[in-house]
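Engineer: give me the fold of what follows.
(one chain, ligands or ions: 5)
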Amino acid sequence: VWSTKCENVKSFEVKNSLMPSTWVVVRIDGRHFHRFSEAHEFEKPNDEKALNLMNSCAAAVLEEFPDVVFSYGVSDEYSFVFKDGSQFCERYSSQIVSRVVSFFSSMYVMKWKEFFLQKELKYAPSFDGRAICYPSAEILQDYLAWRQVDCHINNQYNTCFWMLVKSGKAKSEAQHILKGTQTQEKEDLLLQQFGIVYNTLPVMFRKGSCVFSDKVEESMEENGGHPVEGYLEKVIVEHCDIIGSSFWDLHPSILSCNL
Ligand code: DGT
Ligand code: MG
Ligand code: MG
Ligand code: MG
Ligand code: MG
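Structural biologist: Ligands and ions are numbered 1, 2, ... in the order given. This is a model prediction of the structure:
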């Protein structure tokens, strides 16, 4: 009787499998980071330390989970790309997502002090996560381009918004001024009212961050002080354009080799 009951109870555990041979993206996003960034007095609209902390946690994810071949991050979110052939957690969605999101959250807490020397972490940050399947490398690239376009649109808006607010405008007034403005109008506003050339703002703010493994020239330090002999595979952070094809042409190995 008992064993029948056990079988019966077990049958409620449904394993939600991700479609085979697709590119899996796990996107995580900070929970209530509007409040979290206020509570920790992040600089507006971009806090360099907070972004570098996110990037460092993403690099740790790439080192911990070898099937993750690329990641892209902006604001309080990060997208992690698993190779199409990945058999990580036998492609069970909830296991993949929970492993990535819990590891990232732990890292965020562990690394906090590295980036905020004087600032205490006031309460436990958390992240939500979801897994999305993309059927081809091309659609995956469209997805990543979409996130970077979003980064650009939000950053341009937020830069204008906070410049207006910092110059004395009420938040509602700033909103009203920016309502319905196009990219060019925002660039003009920044230049004419604040003397800011948008394209000269830090590239991490404008383009977000890419984290991936690449061959880099070994430094003498890494070679125990001996002359450099070759290249090392290293996880690196770059702030490059991934909307066009040039980045992918330059790094063909990221999306090509199968597991
Ligand atoms: P959620 O994701 O639905 O739980 O809610 P939030 O509040 O996390 O909203 P979300 O993810 O749409 O927007 C991210 C929030 O995080 C947004 O209010 C701005 C804030 N944030 C992210 N990065 C920075 C930063 O570098 N500096 C500042 N001041 N705020 C940031
Ligand atoms: Mg959200
Ligand atoms: Mg959030
Ligand atoms: Mg967000
Ligand atoms: Mg277990």
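Engineer: once you drop chain neighbours, what's closest to Ser105?
Structural biologist: Once flanking residues are discounted, Ser105 sits nearest to Phe127: 5.4 Å by C-beta to C-beta, 6 or more residues apart in numbering. (Glycine included, C-beta is placed from N, CA and C.)
Engineer: return the distance of the one you found relative to ligand 1.
Structural biologist: When distance is defined by C-beta to the nearest ligand atom, to the nearest Å, Phe127 is 9 Å away from ligand 1.
Engineer: look up phi and psi at that residue.
Structural biologist: For Phe127, the backbone dihedrals are phi -130, psi 150 (criterion: degrees, to the nearest 10).
Engineer: next helix or strand past the helix or strand encompassing Glu138?
Structural biologist: Using DSSP states H and E, Glu138 sits within helix 137-166. Beyond helix 137-166 in the direction of the C-terminus, DSSP H and E gives the next helix or strand as helix 171-178.
Engineer: hey, C-alpha coordinates of the following helix or strand past that following helix in CSV?
Structural biologist: The helix or strand immediately downstream of helix 171-178 is helix 183-194, counting by DSSP H and E. Below are the C-alpha coordinates for helix 183-194, written out as CSV (Å, rounded to 0.1, in the frame of the first residue of the first chain):
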residue,chain,number,x,y,z
THR,A,183,16.4,59.6,-30.2
GLN,A,184,17.7,62.7,-32.0
GLU,A,185,15.6,65.1,-29.9
LYS,A,186,17.1,63.6,-26.7
GLU,A,187,20.6,63.9,-28.1
ASP,A,188,19.9,67.5,-28.9
LEU,A,189,18.5,68.2,-25.5
LEU,A,190,21.6,66.7,-23.8
LEU,A,191,23.9,68.7,-26.0
GLN,A,192,22.0,72.1,-25.9
GLN,A,193,20.9,72.1,-22.3
PHE,A,194,23.8,70.3,-20.6
